[in-house]
Structures are given as structure tokens and as C-alpha cells.
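Engineer: sharing a sequence plus its predicted fold:
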Amino acid sequence: MADFFNEVSAIKGLLGGIRDKQRKLQEAHERTKTVTRTGEMKEIRERMQDDIEEVNKAARTVKLRLERLDKTNEQAVSRKGCGVGSSSERTRTAITAALKKKLKDVMGEFGVLRQKLQQEYREVVERRTYTVTGQKASAEEIDRLIETGESETIFAKAILEQGRGHVLDTLAEIEERGEAVRELEKSLLDLHQIFLDMAVLVEAQGEMLDNIEAQVGKARNHVQQGVTQLVEAKKLQKKTRKLMCCVLVTVLLIIIAIVLAVVKPWTLINRNNSNAG
């Protein structure tokens with residue numbers, strides 16, 4: 001089991017590193033909410049992209065090592081004392097299942113981050129548009145601006161009133177944010193695929209654990225039934241012994257009575273007494 005626990009420790013270390021990157025990404029995302037300069041926005045985006053790529057590599061490594069751990073667990077079942085339902089097998093299966101669930105949960109949190117990026121980017125576009133035009137754009141106009149970058153319809157009046165420079169700065173910021181979100185979303189989708197894969201594995205592992213518990217439960221019931229039968233057998237044995245003792249005593253008394261009836265020792269005593277007189 002030493003090799004197993006060493007591998008578990010290594011996997012936990014990788015998962016801890018992924019969580020650290022997740023916190024960094026969350027902090028970077030919070031900073032993007034207050035940034036207005038495109039250069040600074042681009043710098044943050046590149047750092048986030050690098051972090052996500054590292055997370056992607058680490059997550060795939062964890063997934064691969066968990067799959068190897070499954071194979072090791074399957075091979076271990078053939079060893080003496082490590083068969084199906086043994087404490088060793090249950091320990092291996094439970095720990096492996098817990099690690100799979102941790103990876104699935106972490107990947108799920110990156111999915112939440114992806115949704116937040118999409119939603120908050122839309123909110124930023126709505127705010128910037130309102131700041132420049134003084135009017136609230138319709139949902140269709142915002143969708144068109146996000147999907148195609150088409151802005152003439154929304155900003156035409158603002159360009160005439162404020163000049164192209166101010167409006168173009170806002171558009172550049174919106175475009176930079178949009179590019180950042182699209183790139184990050186693409187990378188996060190890779191993590192989402194790992195989440196889906198792990199969800200399937202976790203469900204399968206859960207069924208395996210249920211089967212093991214069911215087998216252990218059956219074995220426990222058989223043992224309990226055996227103990228109950230043994231107790232009953234001991235009780236019956238005691239009763240049998242008592243009965244045998246009673247029978248033996250009875251037989252012995254009968255034999256003594258028969259002997260006394262045949263021999264009649266009291267007649268011999270009387271005869272001896274008569275001769276002596």
C-alpha cells in the first residue's frame with residue numbers, strides 16, 4: 001500500500017497547485033473589472049491565459065494518473081488478502097473515488113468562472129455603451145456588438161457629438177475584453193471536457209463503491225448468521241449434555257435397582273446373622 005499512498009500524495013499535490021491557480025485567476029478576473037486601459041487589460045489577459053494552460057496540463061496529468069491508479073487497484077485485487085470486499089480494496093477504491101470527485105469539483109468551479117466571464121463581459125459592454133451614448137442599448141444591439149463587433153448603429157450619434165477619438169477608445173477596450181473572454185473561454189472549455197469525463201468516472205466509481213458495500217453487507221450478514229447459528233448450537237449442546245447426564249443417571253439407577261433385586265444382599269446379611277446365633 002506504500003506505493004499507492006505515495007501516488008495519492010502526489011495527486012493531492014497537483015490538485016493543490018490547481019486550486020492555487022484558480023485563486024490567482026479569480027483575483028486577476030476581479031482586477032479586470034476596474035481596468036480601462038487596453039494595454040493593462042491585454043497584460044492581465046495573457047497572464048490568465050498562461051495560468052489556464054498550466055491548469056489544463058496539470059488537470060490532464062491528474063486525470064491520467066487517476067486512470068493509472070484504477071489499473072493498479074484492479075491488479076491489486078489478485079493479491080492475497082486484497083480481494084473484492086477486503087479492507088485493502090475498499091480503502092483503495094474509496095480514496096481513488098474521493099480524488100476523482102475533487103478533480104471533478106475543481107473543474108466544475110472553472111466552469112463557473114467561464115460563465116462569470118461571459119456574463120460580466122456583457123455587463124461591461126452594457127455599462128460602457130451607456131456611458132458613451134447616454135442611452136441603454138437593446139439586448140439585440142448588445143448581442144450584435146459582442147458577436148460581430150458592429151458598433152456603427154449604437155455609436156453613430158456619439159461619434160458625431162463627442163468625436164471619434166473618445167468613442168474609439170471605448171470600442172478598443174470592448175474589443176480587447178471580448179478577445180480576452182473568447183480566448184479564455186476556449187481554454188476553459190478544454191477544462192470543461194475534463195469535468196465531463198470525470199463526472200462519468202465518478203458516477204461509475206460510485207456504483208463500484210455501492211457494489212462493494214453491498215458485498216460487504218452480504219458477507220457481514222452471513223457472518224452474523226453464522227455467529228447466531230453457532231450460539232444456538234452451543235445452547236443445544238449444553239441442553240444435550242444435561243439430557244445425557246440425566247439419562248445416564250437414570251440408567252445407572254435402574255442398573256443398581258436390578259442388581260439389588262437379583263443379588264438381594266439383605267438376605268445374605270440375615271442368613272449370616274442366623275448362623276452366628
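Structural biologist: Good, I have the coordinates. These figures come from a predicted structure and were not determined experimentally. Numbers count the residues shown, from 1 in each chain.

Engineer: not counting sequence-adjacent ones, nearest residue to Ala137?
Structural biologist: Thr129 (4.8 Å; CB to CB, 6 or more residues apart in numbering). Where you see a C-beta, it was placed from the backbone N, CA and C, and this is true even at glycine.

Engineer: please read the previous query as pertaining to Phe4.
Structural biologist: Phe4 sits nearest to Arg92 (CB to CB, 6+ apart), 6.2 Å away.

Engineer: work out for me the element the one you found sits within.
Structural biologist: Assigned by DSSP states H and E, Arg92 belongs to helix 87-133.

Engineer: distance of the residue nearest to Ala137 relative to Gln118?
Structural biologist: Computed as CB to CB, to the nearest Å, the Thr129 to Gln118 distance reads 17 Å.

Engineer: next one: Arg31
Structural biologist: As judged by CB to CB, Arg31 and Gln118 stand 18 Å apart.

Engineer: pick out whichever of these two has more residues nearby.
Structural biologist: Gln118 (16 against 13; other CB atoms under 10 Å).

Engineer: doesn't Val181 make contact with that one?
Structural biologist: Yes: using CB atoms under 8 Å, Gln118 is in contact with Val181, at 6.6 Å.

Engineer: without its sequence neighbours, what residue ends up closest to Lys102?
Structural biologist: Closest to Lys102 by CB to CB, 6+ apart is Leu15, at 5.6 Å.

Engineer: how far away is the one you found from Leu191?
Structural biologist: 13 Å.

Engineer: ok, Lys234 next?
Structural biologist: 62 Å.

Engineer: and if you look at Glu54?
Structural biologist: Taken as CB to CB, the span from Glu54 to Leu191 is 11 Å.

Engineer: who has more neighbours, those two?
Structural biologist: Leu191 (22 against 14).

Engineer: need the nearest residue in space to the more buried one, chain neighbours excluded.
Structural biologist: Nearest non-adjacent residue to Leu191 (CB to CB, 6+ apart): Phe110, at 4.6 Å.

Engineer: distance check, the one you found against Leu25.
Structural biologist: Counting by CB to CB, the gap from Phe110 to Leu25 is 8 Å.

Engineer: ok, the residue nearest the centre of the chain - contacts?
Structural biologist: A centroid search over the chain (CA atoms, centre = their mean) returns Lys101, at 2.9 Å, as the residue closest to the centre. Residues in contact with Lys101, defined by CB atoms under 8 Å, 6 or more residues apart in numbering, are Val202.

Engineer: I'd like the distance between it and Thr93.
Structural biologist: Taken as CB to CB, the span from Lys101 to Thr93 is 13 Å.

Engineer: circling back: can you report how many residues lie near the residue nearest to Ala137?
Structural biologist: 23.

Engineer: which ones are touching it?
Structural biologist: Thr129 neighbours (CB under 8 Å, 6+ apart): 137, 141-142, 145, 154-155.
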